[in-house]
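In: Sequence below, structure please.
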Amino acid sequence: MTPVELSRTVLRAVRRAVDDGELSVAVPARVVVERPRPGGCGDYSTNVALQLAGPAGRPPRHVAELLSRRLSDSPGIAGVAVTGPGFLNLTLADDDPGALAREILARGGGYGASDVLAGQRIEIRIPYEVRAEVVADSLRRILATQGAQAHVVHGETAESSAAHVVNLRPVPAPCDPAVLGRDASRWALLLPAAHDRPRIDDEHLAQREGNPLFRVRYAHARTKALTRNAAALGFTAEPGDVRDQASAAGDAPSTAGASSATGALSTTGALCTTGAPSTTGAPSATPALADAPSAPDAPSTPGDVRDHDTATDSGVAVRARANAAAALHTALSAYPQALTLAATHHAPDRLARQLVVVADALLGFQHTVLPQGEEKPSAAHRARLALAEAAGAVLAGGLSLLGIDAPEHL
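Out: Got it, this is the predicted structure:
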């Protein structure tokens, strides 16, 4: 279960409580779930009960206990604990470790789509200016992924049929971005927040690590190369557990999170002491732009990512692979929420920045995918390839929403 799916599960519990007359409150638009602070318990925590307590006229712990009873029977949730003044701490059931990769590969460019804005008609008003045109074009596509119907108009006259009007006025480009070419110019206009002035220079064309657009497009090309190389070695992708066999058997703490669909480190089993939500971000991955070990080229299919314990495996190498996989899981599982926020905040830059996060995580993970030296392709390699291919699908889908090509070779 991804954080977005968990958030929706909690929201459904709130809605059912309201529908059954147990709570008399307005159902919030969304519920935030975050990692518990150190010393907390479970996989995620939410303060929704504290938020609803005032409007409901009840103590926060009472609201939390009420929601806890409803959540405890929800699919995908193994346990619910109420801590502190009324925090809900949620422990996820043991999911298929390849569920995230499998879902992304099945949905392709549709991964991250939702019905959050279903039924909404949105009119995007913009001036006659190149950056406004580009931002509005991408926003229209992003809104469609969340169920909204949006169209772009110039000027101040709104159509009476539009239920919601968005006045889009990003800071104009300082000069004509066309000199950069289509893809680089769109990226230059979309990456900065609307209130920031875009940079129009040759840095967007540089094929080096310091250029975010290059990293995103290069990462996509690497996923295609990994598929070709794996096929040449005689194996295809199969989603599964991303841990090495030795660490999976021993439940090594550094790899525990890789067994969940979100890939983030789990705190299941810790004593419940606080339960307060955390703002800790996803682990970062250092981009590595060197090619993965070369091998001849062919396609892929989704399996168990655990390696056979070999004499060459060191504890450091095992942990490094697990951490790289966890970072990529986390980046991919956060993509749907980033897409939803890009739509609801009318900010395509949020999507662009999440693509950079996914690309950096993939580039830090890519070297674990293919067998090294005398290694034979294993279930672990097939599962890692599936995760890499899932990252490629997310990068391609996100770039498409921004109107930018995703090259197979770079």
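In: Roughly how far does residue 367 sit from residue 360?
Out: When distance is defined by C-beta to C-beta, to the nearest Å, residue 367 is 14 Å away from residue 360. Where you see a C-beta, it was placed from the backbone N, CA and C, and this is true even at glycine.
In: what do you get for residue 327?
Out: According to C-beta to C-beta, residue 327 and residue 360 sit 8 Å apart.
In: likewise residue 333?
Out: Going from residue 333 to residue 360 by C-beta to C-beta gives 15 Å.
In: Residue 23 and residue 65 touch, don't they?
Out: No - judged on C-beta atoms under 8 Å, residue 23 makes no contact with residue 65 at a distance of 12.0 Å.
In: Tell me where the stretch 151-300 of the chain has strands.
Out: Along the stretch 151-300 of the chain, counting by DSSP state E, counting those that start in this stretch, strands occupy 164-167.
In: mind showing which ranges of it have poor pLDDT?
Out: Low-confidence segments of the stretch 151-300 of the chain (pLDDT under 70): 156-162, 242-300.
In: Please identify which of residue 367 and residue 360 sits among more neighbours.
Out: residue 360 (23 against 16; other C-beta atoms under 10 Å).
In: give me the element the more buried one is part of.
Out: helix 348-365 (DSSP states H and E).
In: and that helix, what other elements does it pack with?
Out: Secondary structure elements in contact with helix 348-365, counted by 3 or more C-beta pairs under 8 Å, 6 or more residues apart in numbering; DSSP states H and E, are helix 130-145, helix 182-190, helix 212-232, helix 315-333, helix 335-344, helix 379-401.
In: what angle do that helix and helix 212-232 make?
Out: Note on geometry: by axes from the mean of the first three to the mean of the last three C-alpha atoms, to 10 degrees, helix 348-365 and helix 212-232 are set 40 degrees apart in direction.
In: I'd like the mean pLDDT over helix 348-365, please.
Out: When pLDDT is averaged over helix 348-365, the result is 97.
In: tell me the angle that helix makes with helix 315-333.
Out: With the same axes, to 10 degrees as the criterion, the two stretches helix 348-365 and helix 315-333 enclose an angle of 160 degrees.
In: Run the angle between helix 348-365 and helix 130-145 for me.
Out: Per the same axes, to 10 degrees, the angle that helix 348-365 makes with helix 130-145 is 70 degrees.
In: quick one: helix 348-365 to chain centroid distance?
Out: Averaging C-alpha coordinates over helix 348-365 and over its chain gives two centres that are 9 Å apart (C-alpha atoms, centre = their mean, to the nearest Å).
In: hang on, the earlier thing: so which of the helices and strands packed on helix 348-365 is the most packed in?
Out: Mean neighbour count (mean count of other C-beta atoms under 10 Å) peaks for helix 379-401 among those, with a mean of 25.
In: Strands along the stretch 1-150 of the chain, start to end?
Out: Counting by DSSP E, counting those that start in this stretch, one finds strands in the stretch 1-150 of the chain at the ranges 44-46, 77-83, 87-92, 121-126, 149-154.
In: which other residues reach stretch 4-16?
Out: Taking C-beta atoms under 8 Å, 6 or more residues apart in numbering as the criterion, the residues outside stretch 4-16 that touch it are 1, 23, 25, 27-28, 30-33, 44, 46, 48, 52, 67, 70-71, 74, 76-77, 88, 90, 92, 114, 333, 336-337, 340.
In: just to revisit the earlier point, so for residue 19, which of the helices and strands packed on helix 348-365 sits nearest?
Out: Go through these one by one with C-beta to C-beta and the one that ends up closest to residue 19 is helix 335-344, at 23.5 Å.
In: Can you name every helix or strand that that closest one contacts?
Out: In this structure, helix 335-344 packs against helix 3-19, helix 130-145, helix 348-365, helix 379-401, with contacts taken as 3+ C-beta pairs under 8 Å, 6+ apart.
In: Try it again at 7 Å.
Out: Using 3 or more C-beta pairs under 7 Å, 6 or more residues apart in numbering; DSSP states H and E as the contact criterion, the secondary-structure elements in contact with helix 335-344 are helix 3-19, helix 130-145, helix 348-365.
In: For my notes, please list those helices in a markdown table and give distance to residue 237 for each entry.
Out: Putting the helices and strands packed on helix 335-344 into a markdown table (distance: least, C-beta to C-beta, whole Å) gives the following:
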| stretch | distance to residue 237 |
| --- | --- |
| helix 3-19 | 23 |
| helix 130-145 | 25 |
| helix 348-365 | 14 |
